[in-house]
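Colleague: Here you go, sequence then predicted model.
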Amino acid sequence: MTNLPYRIECAAEGSTPAREREGEELRSQILVVEDDAQSLGYLTQILRERGYKVRTAPTAALALSAAKTAPPDLILLDIRMPEKNGYEICAELQGDEATQGIPVIFVSALDDVVDKVKAFSAGGVDYITKPIQDLEVLARVDTHLRLHRMQAALDEKNRRLNEQNAELDAFARTVAHDLKNPLTVVSGYADLLATDLGETLDDGVRESLTKIEEGCGKMAQIIDELLLFANVRKAETEALPLDMRQIVESSCQLLARAASESRAEIIHPDLWPNALGHAPWIERVWTNYISNAIKYGGDPPRVELGADPARGGKVHFWVRDNGPGIDESELRRVFDEFSRIAPNGVEGHGLGLSIVKRIVDKLGGEVTVRSAPGEGSTFGFTLPATSEAPGR
């Protein structure tokens, strides 16, 4: 144990006086669990001079009661305690939800590696050996309190983010449902007018009705994507063997009109490797990728689909276009929500690729992109491989 004059002199030279340590340190509470009166008094003194609020507990029962009644910000815990040793006390604290987040620093004369390993295994964050060196104690206490505050702040931010995400998901679902019904009514009336009065309408009116129906169709697509975007994160699905050929053909059929109007050539193999996933979601992935390849491809678009052999338990599927490519600075945000990269000035709302990412992440894969200006783009995704054939 260092003597008092040396401790005061070093504290004055190497640290901030207690009266200047305003704010978080002065609010921090430390529980010192020590049955030796001299060590208990000494630790209490140096911590209080540092500006901390200190409570003491000379027994295991008092320590556990004090920690659970009013959880401190940090605990200094001796190993050799009556009734229960420090390992048992720490393990009990770690097993209680109310106290498991409190950092525990062991303070002991035991200097064997085995004792230190047992301390960390019990849940301790640090280990100080006796005789006590005051500057060492203060430095480690300061460090772990800062880490504890940082962790608490991070946990709080995560909690708020989770709440905000839940609110946004609920908002998206509510708005989407509320918009869909009146949109269906508008589309229905436009179709009814075009059908019943078609022969009596001039070209301008018919064109306007057509634009109304097309606009309603685009809005309905956005609503469906909003609903999917909000639901994917929380939806529970079973990953099953996929018939990828059938899924790709279904996606191509959905895009047949767009492919025809743009004179796109879509090339894909007849045989696909087996993978696990959720077929309706994977169809949406292919549809988004192929649709983008048609929109942003060359003139005419050449869209090539394929898959690489399984590696590391994953199969890599991809869509390659012959478009102008994407600058490296923009590649970093192509999968961000509501981020839109449109080199050809094609209109969009920036949900498609973010939905793709959310789907693939949910299914245990990852999205990929490779592109460079003038070299086209290759968008891909991985899924868990399986030797099981679809339909089994």
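Modeller: It's in. Numbering: from 1, shown residues only.
Colleague: Is residue 305 within a helix or a strand, and which one?
Modeller: strand 302-311 (DSSP states H and E).
Colleague: CA atoms of the helix or strand that that strand is followed by as CSV?
Modeller: Proceeding N to C from strand 302-311, the next assigned helix or strand is strand 314-320, under DSSP H and E. Taking C-alpha atoms only, strand 314-320 is exported to CSV below (Å, rounded to 0.1, in the frame of the first residue of the first chain):
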residue,chain,number,x,y,z
LYS,A,314,-23.6,-20.1,-50.3
VAL,A,315,-24.7,-19.8,-53.9
HIS,A,316,-24.1,-16.5,-55.7
PHE,A,317,-26.8,-15.4,-58.2
TRP,A,318,-26.3,-12.4,-60.4
VAL,A,319,-27.8,-10.1,-63.1
ARG,A,320,-25.4,-8.3,-65.5
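Colleague: Adjacent strands (with direction) for strand 314-320?
Modeller: Applying DSSP bridges to the sheet, strand 314-320 is found paired with strand 302-311 (antiparallel), strand 377-384 (antiparallel).
Colleague: How many residues are close by residue 370?
Modeller: 15 (other CB atoms under 10 Å). All C-beta atoms are positioned from the backbone trio N, CA, C, and that covers glycine.
Colleague: Quick check: it is in a strand.
Modeller: Yes - counting by DSSP: H, G, I helix; E, B strand; the rest coil, one finds residue 370 located in a strand.
Colleague: I'd like the distance between the residue nearest to it when sequence neighbours are not counted and residue 317.
Modeller: Leaving aside its sequence neighbours, residue 370 sits nearest to residue 378 (CB to CB, 6 or more residues apart in numbering; 4.7 Å). Residue 378 is 11 Å from residue 317, where distance means CB to CB, to the nearest Å.
Colleague: which of those two has more neighbours?
Modeller: Set residue 378 next to residue 317 and count neighbours by other CB under 10 Å: residue 317 wins out with 26 against 18.
Colleague: wait, the more buried one sits on residue 244?
Modeller: Yes - between residue 317 and residue 244 there is a contact under CB atoms under 8 Å: 7.5 Å.
Colleague: hey, where'd the helices end up in the stretch 51-200 of the chain?
Modeller: Assigned by DSSP state H, counting those that start in this stretch, the helices in the stretch 51-200 of the chain fall at 60-69, 86-94, 113-122, 134-196.
Colleague: mean pLDDT lowest for which of these?
Modeller: When the helices of the stretch 51-200 of the chain are ranked by mean pLDDT, helix 134-196 comes last with a mean of 83.
Colleague: For that helix, what is the distance to the chain centroid?
Modeller: Taking CA atoms, centre = their mean, to the nearest Å, the mean C-alpha location of helix 134-196 is offset from the chain mean by 11 Å.
Colleague: Show me what it is packed against.
Modeller: helix 4-14, helix 24-27, helix 37-50, strand 74-78, strand 104-108, strand 126-129, helix 203-232 (3 or more CB pairs under 8 Å, 6 or more residues apart in numbering; DSSP states H and E).
Colleague: ok, now with 6 Å
Modeller: Other helices and strands packing on helix 134-196, by 3 or more CB pairs under 6 Å, 6 or more residues apart in numbering; DSSP states H and E, are helix 203-232.
Colleague: continuing past the helix it packs on, what's the next helix or strand?
Modeller: strand 240-241.
Colleague: Now stretch 181-201: buried residues?
Modeller: Along stretch 181-201, these residues count as buried under the neighbour rule (16 or more other CB atoms under 10 Å): 183, 187, 190, 193, 194.
Colleague: ah, wrong one, I meant stretch 45-53
Modeller: Buried, per 16+ other CB under 10 Å, within stretch 45-53: 46, 47, 50, 51, 52.
Colleague: For residue 277, grab phi and psi.
Modeller: Here is the backbone geometry of residue 277 (degrees, to the nearest 10): phi 180, psi -170.
Colleague: re earlier: tell me the most buried of the helices of the stretch 51-200 of the chain?
Modeller: Neighbour counts (mean count of other CB atoms under 10 Å) averaged over each of the helices of the stretch 51-200 of the chain peak at helix 86-94, with a mean of 21.
Colleague: what are the ranges of the strands in the stretch 251-392 of the chain?
Modeller: Here the stretch 251-392 of the chain has its strands, by DSSP state E, counting those that start in this stretch, at 265-267, 276-277, 302-311, 314-320, 367-371, 377-384.
Colleague: Give the pairing partners of the shortest one; include direction for each.
Modeller: In other words, strand 276-277. Strand 276-277 is paired, per DSSP bridges, with strand 240-241 (antiparallel).
Colleague: Could you chop the protein up by domain?
Modeller: Following automatic domain parsing, one finds the domains of the chain at 4-132, 160-232, 240-384.
Colleague: ok, which pair from the buried residues of stretch 45-53 is furthest apart?
Modeller: Between any two of the buried residues of stretch 45-53, the greatest separation by CB to CB is 10.9 Å, found for 46 and 51.
Colleague: roughly how far apart are residue 140 and residue 104?
Modeller: 12 Å.
Colleague: do residue 123 as well
Modeller: 6 Å.
Colleague: For those two, indicate the residue with more neighbours.
Modeller: residue 104 (25 against 17).
Colleague: As a check, name the ranges of all helices in the stretch 251-392 of the chain.
Modeller: Under DSSP H, counting those that start in this stretch, the stretch 251-392 of the chain gives helices at 256-261, 279-296, 328-331, 352-362.
Colleague: how about the ones you listed in a markdown table, adding mean pLDDT and distance to residue 371?
Modeller: Below are the helices of the stretch 251-392 of the chain laid out as a markdown table (pLDDT from 0 to 100; distance: least, CB to CB, whole Å):
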| stretch | mean pLDDT | distance to residue 371 |
| --- | --- | --- |
| helix 256-261 | 93 | 21 |
| helix 279-296 | 92 | 10 |
| helix 328-331 | 79 | 6 |
| helix 352-362 | 88 | 13 |
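Colleague: Out of those helices, flag the one nearest residue 387.
Modeller: The nearest among these, by CB to CB, is helix 279-296 at 18.4 Å.
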